[in-house]
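Please work out how this folds:
(chains A, B, C, D, E and F)
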Number of protein chains: 6
Amino acid sequence: MPRSPVYFESIEIGEKIESIPRTVSETDIWTFAYLTADFFPLHTDAEFAKKSIFGKPIAQGMLVLSIALGMIDQVILSNYDVSSIIAFFGIKDVRFLRPVFIGDTISATAEVVDKQDFNEISGVVTYRLEVKNQRGEAVLSALYSALIRKNPSK
Amino acid sequence: MPRSPVYFESIEIGEKIESIPRTVSETDIWTFAYLTADFFPLHTDAEFAKKSIFGKPIAQGMLVLSIALGMIDQVILSNYDVSSIIAFFGIKDVRFLRPVFIGDTISATAEVVDKQDFNEISGVVTYRLEVKNQRGEAVLSALYSALIRKNPSK
Amino acid sequence: MPRSPVYFESIEIGEKIESIPRTVSETDIWTFAYLTADFFPLHTDAEFAKKSIFGKPIAQGMLVLSIALGMIDQVILSNYDVSSIIAFFGIKDVRFLRPVFIGDTISATAEVVDKQDFNEISGVVTYRLEVKNQRGEAVLSALYSALIRKNPSK
Amino acid sequence: MPRSPVYFESIEIGEKIESIPRTVSETDIWTFAYLTADFFPLHTDAEFAKKSIFGKPIAQGMLVLSIALGMIDQVILSNYDVSSIIAFFGIKDVRFLRPVFIGDTISATAEVVDKQDFNEISGVVTYRLEVKNQRGEAVLSALYSALIRKNPSK
Amino acid sequence: MPRSPVYFESIEIGEKIESIPRTVSETDIWTFAYLTADFFPLHTDAEFAKKSIFGKPIAQGMLVLSIALGMIDQVILSNYDVSSIIAFFGIKDVRFLRPVFIGDTISATAEVVDKQDFNEISGVVTYRLEVKNQRGEAVLSALYSALIRKNPSK
Amino acid sequence: MPRSPVYFESIEIGEKIESIPRTVSETDIWTFAYLTADFFPLHTDAEFAKKSIFGKPIAQGMLVLSIALGMIDQVILSNYDVSSIIAFFGIKDVRFLRPVFIGDTISATAEVVDKQDFNEISGVVTYRLEVKNQRGEAVLSALYSALIRKNPSK
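Numbers count the residues shown, from 1 in each chain, chains lettered A, B, ... in the order given. Modelled structure (predicted):
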């Protein structure tokens, strides 16, 4: 049973994709610091973090956003032929709502909130991403969009 | 010669921070896929990438954004006491302008484009991030903002 | 739309799970060598590999097996509530059929080939794992089994 | 004093290789999840693991097997010229006997249990792998085999 | 405002570079063990470390040295055009003065202590590296030198 | 057959330990850059490296040293009970003799060159480390020493 392509026309506003949950570990925080070479002390200097308004190290906002987008992608990839997704188009309005600490378990939801024609062969679909922790508190929200092919057989 | 804090009042619109350049490697792309568990085939499936509009694997947009923000942070951390930076506030309007391929060398510039009072003790500073490749072509632009403390001695 | 549990009773012999494809990179091979501290020269010594029957470095058999099982798990996790899967039970008869080189793109299929009662609350389900490269050639086969909960409401 | 090759003829049933011990860390578990993109919640979702029969996250079975085989290989590589080892041949009957938790320290023993002629130039040697934790409890057992060259000078 | 080259003539004995602090994490220790394939039990075997004179795992000396040199380099790279630095020349007299435990936060200072002519186009600059923990205790000292270009316009 | 301790008295000047060879990969260079957050452009900026005296990226000197020491340690750990090795004592006179490029295969030799009494229970043993590439050219030399326990039964 091959995966079917996800064409622009068949995506409906209001559709939701729900990720599985994932704990944010110390290893996640350090690997993200390694990759970006960004040792901002709120994340990687325990003494600094102790004196901050958070009292202990927090996960990088970009890590939480990257993991959340990845968690959503896993569900899409498992269920659709994504050769119809041309490119990641843009991100709008990312808000870091609450700190994510080591050991917090986050999950994400992406809801289709807008569809716009782009050209003859593709359209732009916009998703609202919401990330929650294990207590159901919102920790991050964002709007992002993808360029998705129209059904060539139509 | 201790680093001096970077207070809201002393930041001026038009100020620019320039990162050092960094090549985007295959290891970067895979480590980002590992960290996010996102094996979107444009990045990690050579056969899929061959047939895509790009003809070969491209770096993840979020990787390029994360590295660019990290490259800017390194310069800030090397020159200022960042205990006055309270939190990463948000990201607005990220655009992925051109693909970044394995072996491309990117550098980033962040320019202060807006300052807004937030409350008695802090303000929001907005930066325009521009990322270029080794040919000087823009590959990504974004607006992001940080919550920065006001000088307590004033 | 919450994921539904995957209970022992509802799993049918002949059912198939198909992974998405993934290229095996140099980074994969080195990260596996790092994790296992196993620098067997066929994988990490270019001079040794040149003189071997393969002529160049090959991916570790255990890496291919681990990636393939992970690729199958991603599809299961994206579609089912896995709290009914109690534990990974065992692996039987792993065969390394062809070398996997850097740049090869593999995909995996897991087919339910056996179901056995284990105790009142669970049963053992056995899967045949087949891993192929981008030319459709089998590179690895294995049998593995999981301990899966029976439907408590029955 | 160059390492001597390990030829099929000179390997004796009953021979044992003992690894050094190694603690299984949180970093190990996450790196294995990264590499395989397998975020099965028993390993990487603290909330899920709390409610499981284990009460907390456990190491992936494949991680324990991979580390154990690597630990054995290190001893072999340190003592023999392995150009006589043609390939990893297969794995039979892996059993996950007890959970391995973060902080457990494992060590492995591999004992030669079978030798079979394969063709004129090589034979198949089968090892029984036993992995124990710091309390001496068996956590994993497996049978695996390698294709090993015969002494060309005989 | 482009970075200016750091020429041999302009470097003065007594000049100091101060790094930002960084906590040494369990992930650091394991990543260094991965990279070097060195599982010396004082770092990666919790049972062994318990019985050692340190009572618990300590960071590898080479990890502390590598991180400290990297922390210094970040400051140099952020402030100078390093195309005038030809090569890392050598290290002399590294002393491991106190153990660094997981969670300790280290910072480094490099002071220019010697300058020697090398040839017409370059000279050797020697730095004394001092690494301290969060209590201000010295944990490592070293002397290292770099080959640095003379100002070609002189 | 348990490993025997390696006591100060039994170590003889002139003794040699030979590592197995290992290729230095792009992944090694990036992982070392990640870990140290040191993106010195000779290693991680392809455009900079092109214009350097080496013409292409070279491995970090500290990476080569760290890998070489690790390769020697693997052989020691595989053959001795190292509970008699109290600590890494120091490094003297590291020289970076030739560049190591991606794809070069290095191996290391450590020779005991000095033994000094330290106190009643231990002595300092000094090793000369020599690292060569696949063409037999010396790429790094160093002297390092370890504090090793005396035989308590004497």
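
CA atoms for contacts and neighbours, from now on please.
Will do.

what distance separates the one helix or strand A:I86 maps to from the centre of its chain?
Using DSSP states H and E, A:I86 sits within strand A:85-96. Strand A:85-96 has its C-alpha centroid displaced from the chain centroid by 9 Å (CA atoms, centre = their mean, to the nearest Å).

ok, now how distant is the closest residue to A:S122 other than its chain neighbours from chain F?
Leaving aside its chain neighbours, A:S122 sits nearest to A:R149 (4.2 Å; criterion: CA to CA, 6 or more residues apart in numbering or on different chains). Separation of A:R149 from chain F (CA to the nearest CA, to the nearest Å): 35 Å.

show me the contacts for A:R149.
For A:R149, the contacting residues are A:Y7, A:F8, A:S84, A:I85, A:I86, A:I121, A:S122, A:G123, by CA atoms under 8 Å, 6 or more residues apart in numbering or on different chains.

ok, the second one - contacts?
To tie it back to what came earlier, the one meant is A:F8. A:S122, A:G123, A:V124, A:V125, A:I148, A:R149, A:K150, A:N151.

Hmm, A:F118 and the fourth one touching each other?
This means A:V125. No - counting by CA atoms under 8 Å, A:F118 is not a contact partner of A:V125; they are 9.6 Å apart.

just to revisit the earlier point, tell me the buried residues within the contacts of A:F8.
The neighbour-count test (16 or more other CA atoms under 10 Å in any protein chain shown) marks A:S122, A:G123, A:V124, A:V125, A:I148, A:R149, A:K150 as buried among the contacts of A:F8.

Quick check: the residue of chain A nearest chain F.
A:Y34 (4.2 Å; CA to the nearest CA).

list the contacts for that residue?
Counted by CA under 8 Å, 6+ apart, A:Y34 has contacts F:A33, F:Y34, F:L35, F:T36, F:A37.

pretty sure A:P5 contacts A:L77?
No - using CA under 8 Å, A:P5 makes no contact with A:L77, being 10.4 Å away.

So which of those two has more stuff around it?
The residue with more neighbours, out of A:P5 and A:L77, is A:L77; 20 against 16, by other CA atoms under 10 Å in any protein chain shown.

For B:S66, see how far away that one is.
Distance, A:L77 to B:S66, using CA to CA, to the nearest Å: 23 Å.

picking that back up, now, the buried ones among the contacts of A:F8 that are in strands?
Judged by DSSP state E, the buried ones among the contacts of A:F8 include A:S122, A:G123, A:V124, A:V125, A:I148, A:R149 as members of strands.

for the closest residue to A:F39 other than its chain neighbours, phi and psi?
Take A:F39 and drop its neighbours on the chain: the residue closest to it by CA to CA, 6+ apart is A:A33, 5.8 Å away. Main-chain torsions, A:A33, degrees, to the nearest 10: phi -60, psi -40.

now swap in the one 3 residues further on and tell me
With angles defined as degrees, to the nearest 10, A:T36 shows backbone torsions of phi -100, psi -10.

Next, work out how far apart it and B:S19 are.
When distance is defined by CA to CA, A:T36 is 12 Å away from B:S19.

what is in contact with the two at once?
Residues touching both A:T36 and B:S19 (CA under 8 Å, 6+ apart) are B:M71.

Confirm for me that A:S4 is in contact with A:S84.
No - if you go by CA under 8 Å, A:S4 and A:S84 don't touch, sitting 9.7 Å apart.

OK, contacts around the nearest residue to A:L147 once chain neighbours are set aside?
Once flanking residues are discounted, A:L147 sits nearest to A:V124: 4.7 Å by CA to CA, 6+ apart. For A:V124, the contacting residues are A:F8, A:F89, A:K115, A:Q116, A:D117, A:F118, A:S145, A:A146, A:L147, A:I148, by CA under 8 Å, 6+ apart.

for A:S4, same thing?
So A:S4 contacts A:N79, A:Y80, A:D81 (CA under 8 Å, 6+ apart).

The same query, at a cut-off of 10 Å, please.
A:N79, A:Y80, A:D81, A:V82, A:S83, A:S84 (CA atoms under 10 Å, 6 or more residues apart in numbering or on different chains).

most neighbours, which of the residues you listed?
A:V82 (22 neighbours).

Show the contacting residues for A:I67.
A:I67 neighbours (CA under 10 Å, 6+ apart): A:22, A:24, A:28, A:73, A:106-108, A:131, B:32-33, B:35-38.

Narrow those to just the buried residues.
A:22, A:24, A:28, A:73, A:106-108, A:131, B:32-33, B:35-38.

Sitting in strands, which of these do you find?
A:R22, A:I106, A:S107, A:A108, A:V131.

Show me where chain A dips below the pLDDT cut-off.
A:1 (pLDDT under 70).

Grab the most central residue of it for me.
A:L69 (2.2 Å; CA atoms, centre = their mean).

circling back: just name the closest of the buried ones among the contacts of A:I67 to E:R95, please.
Nearest to E:R95, judged by CA to CA, of the buried ones among the contacts of A:I67 is A:D28 at 31.9 Å.

where's that closest one relative to chain E, distance?
A:D28 is 9 Å from chain E, by CA to the nearest CA.

What are the neighbouring residues in contact with that residue?
Contact analysis of A:D28 by CA under 10 Å, 6+ apart lists A:34, A:59-60, A:63-64, A:67, A:102, B:35-36, D:27, D:30-31, D:34, E:27.

a markdown table for those, including distance to D:G14?
Formatted as a markdown table, the contacts of A:D28 follow (distance: CA to CA, whole Å):
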| residue | distance to D:G14 |
| --- | --- |
| A:Y34 | 46 |
| A:A59 | 51 |
| A:Q60 | 53 |
| A:L63 | 51 |
| A:V64 | 52 |
| A:I67 | 49 |
| A:I102 | 47 |
| B:L35 | 43 |
| B:T36 | 45 |
| D:T27 | 35 |
| D:W30 | 36 |
| D:T31 | 35 |
| D:Y34 | 37 |
| E:T27 | 38 |
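
Restricted to helices, list those residues.
Using DSSP state H, the members of the contacts of A:D28 that fall within helices are A:Y34, A:L63, A:V64, A:I67, B:L35, B:T36, D:T27, D:W30, D:T31, D:Y34, E:T27.
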